[in-house]
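just coords:
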């Protein structure tokens, strides 16, 4: 289990992570999501002792990461799969990880087999690896100590569709056996398929967290009309806090039936009316983080 309590990190006047609190539970995959620059990587670095918090705590299996005896035997970490020495072979890289965990060559062989690297690939220098192969090597290093917790940042980056499917199955099996997985990824479709819990942050603060299915059901209602200006004004007067969608229309905190009645009362032509949860994780993510996106999504909306 990973327990985050009021975790904050400031760099001078800039607050990268702002008083976040959540739990990643054993036996479940928790998706950790947010736009670029939202604070995900800083938060994960604090979890594994690479960055010192300004305030708050991050504990793994009930203890700060730095106080765990032989941490890699308890927590598998992959924050940057490209941060591997290009002059070493894959096997040499894993042998160093195994040595630090107090393990021998059998653990290296098992890790190589577990992530699907061939003997020939393991003997190649990492500088000649594709990004997908580096991801597999990084995941092998995270798994080598047979840990109870995995903290992974963009583990599917660079994997082909078959590799993504393989990784999905591996992480599902790991969680089903009682492991804790905290997974950060921009591949929202993949997160939606594998995660049971979600934590979303924007500008360093949590904007939503909880069970994935409950969050998607509570996503509100999507509504659109050719007369968007008048629709937006009517939704605002009704007190439903309309949030503009990048592709048009609004998301409101109201039932579809109530929105339909409003359209009839205001004599508005409604061209789209459905549960926001029906749009999946991507719709919910864009709605909740539109103000924090770097690509101007919020402004375009």
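Ah, there it is. Because the structure is a prediction, the values reported are computed rather than measured.

any idea how far residue 19 is from the closest residue to residue 57 other than its chain neighbours?
Distance criterion Cβ to Cβ, 6 or more residues apart in numbering; nearest residue to residue 57, sequence neighbours excluded, is residue 5 at 4.8 Å. C-beta here means a position set from N, CA and C on the backbone, and glycine is covered the same way. Residue 5 is 10 Å from residue 19, where distance means Cβ to Cβ, to the nearest Å.

so what sits against both of these two?
Jointly contacting residue 5 and residue 19 under the rule Cβ atoms under 8 Å, 6 or more residues apart in numbering are residue 56.

so the residue nearest to residue 57: helix, strand or coil?
Put simply, residue 5 is strand when judged by DSSP: H, G, I helix; E, B strand; the rest coil.

please apply the same query to the one 5 residues further on.
The three-state assignment at residue 10 reads strand, by three-state DSSP.

contacts only, for it.
Residue 10 is in contact with 16, 54, counting by Cβ under 8 Å, 6+ apart.

confidence score at it?
Note on residue 10: pLDDT of 96.

element containing residue 173, please.
Element membership of residue 173, judged by DSSP states H and E, is helix 161-176.

mind listing what's buried along stretch 76-85?
76, 77, 78, 79, 81, 84 (16 or more other Cβ atoms under 10 Å).

circling back: quick one: neighbours of the residue nearest to residue 57, just the number.
14 (other Cβ atoms under 10 Å).

residues contacting it?
Residue 5 neighbours (Cβ under 8 Å, 6+ apart): 21, 56, 57, 58, 59.

let's have these in a markdown table, adding distance to residue 235 and secondary structure.
Converted to a markdown table, the contacts of residue 5 look like this (distance: Cβ to Cβ, whole Å; DSSP: H, G, I helix; E, B strand; the rest coil):
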| residue | distance to residue 235 | secondary structure |
| --- | --- | --- |
| 21 | 32 | strand |
| 56 | 37 | strand |
| 57 | 41 | strand |
| 58 | 40 | strand |
| 59 | 43 | strand |
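
only whichever of those are buried, select them in PyMOL.
Buried residues within the contacts of residue 5, by 16+ other Cβ under 10 Å, are selected in PyMOL with:
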select buried, resi 56+58+59
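
farthest-apart pair in the contacts of residue 5, please.
Greatest spatial distance among the contacts of residue 5 (Cβ to Cβ): 21 and 59, at 12.1 Å.

which helices and strands does the strand or helix carrying residue 44 pack with?
Element membership of residue 44 [criterion: DSSP H and E] is helix 40-47. With contacts taken as 3 or more Cβ pairs under 8 Å, 6 or more residues apart in numbering; DSSP states H and E, helix 40-47 sits against strand 2-11, strand 14-24, strand 29-33, strand 55-60, strand 149-153, strand 180-184.

and that helix, how far from the chain's centre?
With Cα atoms, centre = their mean, to the nearest Å as the basis, helix 40-47 stands 12 Å off its chain's centre.

what is the rounded mean pLDDT of that helix?
95.

give the buried residues for the helix holding residue 173.
Buried residues in helix 161-176 (16+ other Cβ under 10 Å): 163, 164, 166, 167, 168, 170, 171, 174, 175.

from the contact counts, what lies against it?
In terms of contacts (3+ Cβ pairs under 8 Å, 6+ apart), helix 161-176 is packed against strand 29-33, helix 131-143, strand 180-184, helix 188-194.

could you tell me the least trusted of these?
Among the helices and strands packed on helix 161-176, helix 188-194 carries the lowest mean pLDDT (a mean of 86).

can I assume residue 223 sits in a strand?
Yes: Residue 223: assigned to a strand according to three-state DSSP.

who does it bridge with?
Using DSSP bridges, the beta-bridge partners of residue 223 come out as residue 250, residue 273.

list the contacts of it.
Going by Cβ under 8 Å, 6+ apart, residue 223 touches 231, 235, 249, 250, 252, 256, 259, 263, 270, 272, 273.

one more time with 10 Å
231-232, 235, 240, 242, 245, 249-252, 254, 256, 259-260, 262-263, 268, 270-274, 276 (Cβ atoms under 10 Å, 6 or more residues apart in numbering).

could you do residue 190 as well?
31, 155, 156, 159, 164, 165, 167, 168, 171, 183, 281.

and those, which two are furthest apart?
The span of the contacts of residue 190, defined through Cβ to Cβ, is set by 159 and 281 at 19.1 Å.

before we move on, the earlier item: which neighbours do residue 21 and residue 59 have in common?
Counting by Cβ under 10 Å, 6+ apart, the contacts common to residue 21 and residue 59 are 3, 4, 5.

quick one: the last one and residue 65, what's the gap?
Going back to what we said before, that points to residue 5. 14 Å.

and the second one, by the same measure?
Relative to residue 65, residue 4 is positioned 12 Å away (criterion: Cβ to Cβ).
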